[in-house]
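Asker: need a structure here:
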Amino acid sequence: MRFLLVILAFDFIIIIHELGHFIVAKLSGIKVEEFSLFVGPKLFSVKRGETAYSLRLFPILAYVKMEGEEEESDSERAFSNKPVWVRAAVVAAGPLANLISAFLIISIVYYTTGYTTRTVGVVQEGSAAYNVGIEKGDTIVGYDGKRIYDPLEVIQFLYISKGEKTTIEFVRNGTKIKKDIEPAIERTYQLGYYSESVENSNVIAELVNGGALEKAGAKPGDKIVKLNDIEVGGIDQIRDFLKENKEQPVSVTILRDGKEMAFNVVPQFVENYALGIAFTRAKGGNILDVMKNGAMFTYSNIRMVPYSLYWLVTGQVSLNQMTGPVGIVSTMNDVAQQSDTFKDAVLNILLWTALISAAIGATNLVPFPALDGSKLLILAIEAISRRKIPLEKEAIITSIGFVILIGLSIFVMANDIIRFIIK
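Answerer: Now for the predicted structure:
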């Protein structure tokens, strides 16, 4: 049931995008020949007025077919014969539908569960943040010269900069303060899990995706009781053991439902960066605060698209780290399956749906051939030059981009499948 919800959530992101194109095209008087859910052979189709509403075999993607979008037409209702601003509105409606839906979904999640704020709740004594004078109640508004809209951005910028000395900005009592900060760098060997929040716990609360224990078959709720036949009673003993053991294979004995099980794993070397702070959480319920933070979440995910492209081009992020539909569905399913209750699973799926919808909306605005952004760029050139670019030339540009995107998609999908198999 949870996996079905994941599939439906992923399809919803694509369908809402196409619905954006569809609705604005209809409102603009453009003849829409077909609106199709999914792709492949047609299972059935119902015609209402001039539009065929179809359901196809493969439960992925969706599309809208408009007259004059890919071929010449003499009809005044053809897409190609509409004014530039109308065509631009139709093209932009898809990405905007994704962004609006992301905002609405995350607002619902925040209203229901609450949300993490940019306000500091804990400052670890002796940490990098403590040393520069950050205090409980301060609000982090900048890191590494970049404005912070969502607390997760602090972690993203921290890891992209690999813990190098930089600047941090925070607000205290209405006054903005800027300090130089040097994050702590911790190089450790780990088994790939997060322990329960109880002090010095040896119970697995969550597994790291692709981590050593997840690959071995451990599950949340398992209790680590032995490492190489040495009894361990908490996370401190586990850390001390791994510090001495380093990358040597280790037999991990866990307790599950009263029975002991042993896994042979190889600890993974991890470099962590820490500021020594934890953010507070706010309760949902105040609709204005929820909408404000929902808008900041959406904008944060929009601007991560150009940042990610820049990091990719400059080598700060590897192409192998990119993920596609297989990886997205796999990750969403992992999150859903590890949720304690069905309600938690639904809320976690909604959270991921909002994140991915915002990313897809923003990505489609990138002016790369075959994406909506390139069509908007072509329409902008047409508006400025007052000369219409022939559909044949536009089709060539789109085809080139489409081939590149297909090649990239195959590469990313192959990586996803490999990660899924070895997980």
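Asker: Helices of the chain, start to end?
Answerer: 2-27, 84-113, 128-131, 151-160, 212-216, 235-245, 287-313, 325-338, 342-364, 372-385, 391-422 (DSSP state H).
Asker: Hmm, Asn202 is touching Leu227, no?
Answerer: No. Asn202 is beyond contact range of Leu227, at 10.1 Å (criterion: CB atoms under 8 Å). From N, CA and C alone the C-beta is placed, and that goes for glycine too.
Asker: Need the helices of the chain in TSV (columns: mean pLDDT, distance to Ala274 and mean neighbour count).
Answerer: Below are the helices of the chain laid out as TSV (pLDDT from 0 to 100; distance: least, CB to CB, whole Å; neighbours: other CB atoms under 10 Å):
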stretch	mean pLDDT	distance to Ala274	mean neighbour count
helix 2-27	88	32	19
helix 84-113	96	26	21
helix 128-131	96	7	19
helix 151-160	91	8	18
helix 212-216	88	21	20
helix 235-245	90	14	14
helix 287-313	92	21	17
helix 325-338	59	24	18
helix 342-364	89	24	21
helix 372-385	94	37	17
helix 391-422	65	27	14
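Asker: Now that we have those, can you turn them into CSV and tack on distance to Phe170?
Answerer: Below are the helices of the chain laid out as CSV (distance: least, CB to CB, whole Å):
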stretch, distance to Phe170
helix 2-27, 35
helix 84-113, 23
helix 128-131, 9
helix 151-160, 11
helix 212-216, 36
helix 235-245, 30
helix 287-313, 16
helix 325-338, 31
helix 342-364, 25
helix 372-385, 35
helix 391-422, 37
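Asker: Could you tell me the per-residue confidence at the residue of the chain most remote from its centre?
Answerer: No residue in the chain sits farther from the centre than Asp74, which is 42.9 Å out by CA atoms, centre = their mean. On pLDDT, Asp74 comes in at 90.
Asker: what are the phi and psi angles of it?
Answerer: phi -90, psi -10 (degrees, to the nearest 10).
Asker: What distance do you get for it to Gly68?
Answerer: Applying CB to CB, to the nearest Å, the value for Asp74 to Gly68 is 9 Å.
Asker: re earlier: list residues touching both of Asn202 and Leu227?
Answerer: Shared contacts of Asn202 and Leu227 (CB atoms under 8 Å, 6 or more residues apart in numbering): Ile238.
Asker: In terms of residue numbering, what are the domains of this structure?
Answerer: The chain breaks down by automatic domain parsing into domains covering 1-31+67-114+285-423, 115-183+275-282, 189-269.
Asker: With distance to Tyr53 added, can I get those in CSV?
Answerer: Listed next are the domains of the chain as CSV, based on distance: least, CB to CB, whole Å:
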stretch, distance to Tyr53
domain 1-31+67-114+285-423, 10
domain 115-183+275-282, 38
domain 189-269, 38
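Asker: now for the ones you listed, which one comes closest to Val46?
Answerer: Smallest distance to Val46 across the domains of the chain (CB to CB): 15.1 Å, for domain 1-31+67-114+285-423.
Asker: so what's the closest residue to Ser75 other than its chain neighbours up against?
Answerer: Leaving out its chain neighbours, the residue that sits closest to Ser75 by CB to CB, 6 or more residues apart in numbering is Glu67, at 6.1 Å. Going by CB under 8 Å, 6+ apart, Glu67 touches 30-33, 73, 75, 77-79.
Asker: Report pLDDT for Asn320.
Answerer: Reported pLDDT for Asn320: 65.
Asker: switch to numbering from 7
Answerer: Done: numbering now begins at 7, and the last item shifts to Asn326.
Asker: thinking again about what came up before, find the residues that touch each one of Asp80 and Gly74.
Answerer: Joint contacts of Asp80 and Gly74 (CB under 8 Å, 6+ apart) are Asn87.
Asker: Isn't Lys71 up against Ile36?
Answerer: No. The criterion here is CB under 8 Å, and Lys71 misses it with Ile36 at 10.9 Å.
Asker: Those two: which is more packed in?
Answerer: Set side by side, Lys71 and Ile36 show more neighbours around Ile36, with 26 against 17, by other CB atoms under 10 Å.
Asker: my read: that one touches Asn87, true?
Answerer: No. Counting by CB under 8 Å, Ile36 sits too far from Asn87 to count as a contact (9.2 Å).
Asker: Now do the shared contacts for these two.
Answerer: Common neighbours of Ile36 and Asn87, using CB under 8 Å, 6+ apart, are Gly74.
Asker: what pLDDT, on average, does stretch 173-185 get?
Answerer: The pLDDT scores in stretch 173-185 average 97.
Asker: measure the residue farthest from the centre of the chain to Val97 for me?
Answerer: Between Asp80 and Val97 the distance is 22 Å, computed by CB to CB.
Asker: same check, this time on Ala134
Answerer: 46 Å.
Asker: centre of the chain versus stretch 386-402, how much separation?
Answerer: Remark: stretch 386-402 is offset 34 Å from the chain centroid, using CA atoms, centre = their mean, to the nearest Å.
Asker: Need the contact partners of it.
Answerer: 76-78, 86, 90-91, 94, 384.
Asker: repeat for stretch 88-108
Answerer: Here stretch 88-108 has contacts from 19, 22-27, 29-31, 34-36, 72, 85-86, 304, 307-308, 359-361, 363-364, 366-368, 370-371, 378-379, 381-382, 385-386, 388-389, using CB under 8 Å, 6+ apart.
Asker: go on, stretch 297-311?
Answerer: 105, 108-110, 112-113, 116, 121, 123, 155-156, 158-159, 162, 288, 360-361, 364-365, 367-369, 372.
Asker: Can I get it as CSV, trimmed to CA atoms?
Answerer: What follows is stretch 297-311, C-alpha atoms only, in CSV (Å, rounded to 0.1, in the frame of the first residue of the first chain):
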residue,chain,number,x,y,z
MET,A,297,2.6,29.7,4.7
LYS,A,298,5.6,31.9,5.2
ASN,A,299,7.9,29.0,5.9
GLY,A,300,6.3,26.9,3.1
ALA,A,301,7.1,29.7,0.7
MET,A,302,10.7,29.8,2.0
PHE,A,303,11.0,26.0,1.6
THR,A,304,9.7,26.3,-2.0
TYR,A,305,12.1,29.1,-2.9
SER,A,306,15.0,27.3,-1.3
ASN,A,307,14.4,24.3,-3.5
ILE,A,308,14.0,26.5,-6.6
ARG,A,309,17.3,28.2,-6.1
MET,A,310,19.1,24.8,-5.4
VAL,A,311,18.6,24.0,-9.1
